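Asks: 3D, please:
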Amino acid sequence: MKVVLIYLAIINVVTFFLFGIDKWKAKRDKWRVPEATLLWWAVFGGSIGALLGMSVWHHKTQHRKFTWGVPAILIAQIAIVGVIIYYTIL
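Replies: Down below sits the predicted model:
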């Protein structure tokens, strides 16, 4: 359990900063982090970091795949954890 929490903490921090780096690069017209990469980081556990990154950096807030997709990913992750907990306790 401790390993999972450490993993989630790390992936969320990395995802948060990826959104910040991409915003920084967008303002300077530099090579960007691909949208698919940002979404995959959210899928692999960084959805909270992605939501925070979107909010703090004001980044990708006009893109439906992010404004709808990232919350949907988080809801799916919560549901999966709920199912795992339900079936491991019972």
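Asks: how distant is stretch 77-84 from the center of its chain?
Replies: Remark: stretch 77-84 is offset 16 Å from the chain centroid, using CA atoms, centre = their mean, to the nearest Å.
Asks: list the buried residues for that stretch?
Replies: Buried residues in stretch 77-84, counted by 16 or more other CB atoms under 10 Å: Q77. Bear in mind the C-beta positions are built from the backbone N, C-alpha and C, glycine included.
Asks: need the contact partners of it.
Replies: Under the criterion CB atoms under 8 Å, 6 or more residues apart in numbering, residues 45, 47 lie in contact with stretch 77-84.
Asks: 7 Å instead?
Replies: Taking contacts as CB atoms under 7 Å, 6 or more residues apart in numbering, the residues outside stretch 77-84 that touch it are S47.
Asks: ditto for stretch 38-55
Replies: Everything outside stretch 38-55 that qualifies as a contact, by CB under 7 Å, 6+ apart, is 7-8, 11-16, 18-20, 22, 59-61, 66, 69-71, 73-74, 77.
Asks: and if we set it to 8 Å?
Replies: With contacts defined as CB under 8 Å, 6+ apart, stretch 38-55 is touched by 7-8, 11-20, 22, 59-61, 65-67, 69-71, 73-74, 77.
Asks: those residues, buried ones only, as a ChimeraX selection?
Replies: Here is the ChimeraX command that picks out the buried ones among the contacts of stretch 38-55, judged by 16+ other CB under 10 Å:
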select :8,11,12,15,16,18,19,22,59,60,66,69,70,73,74,77
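Asks: helix, strand or coil for the closest residue to T67 other than its chain neighbours?
Replies: Nearest residue to T67 in three dimensions, chain neighbours excluded: T61, at 6.3 Å (CB to CB, 6 or more residues apart in numbering). Counting by DSSP: H, G, I helix; E, B strand; the rest coil, the backbone at T61 sits in coil.
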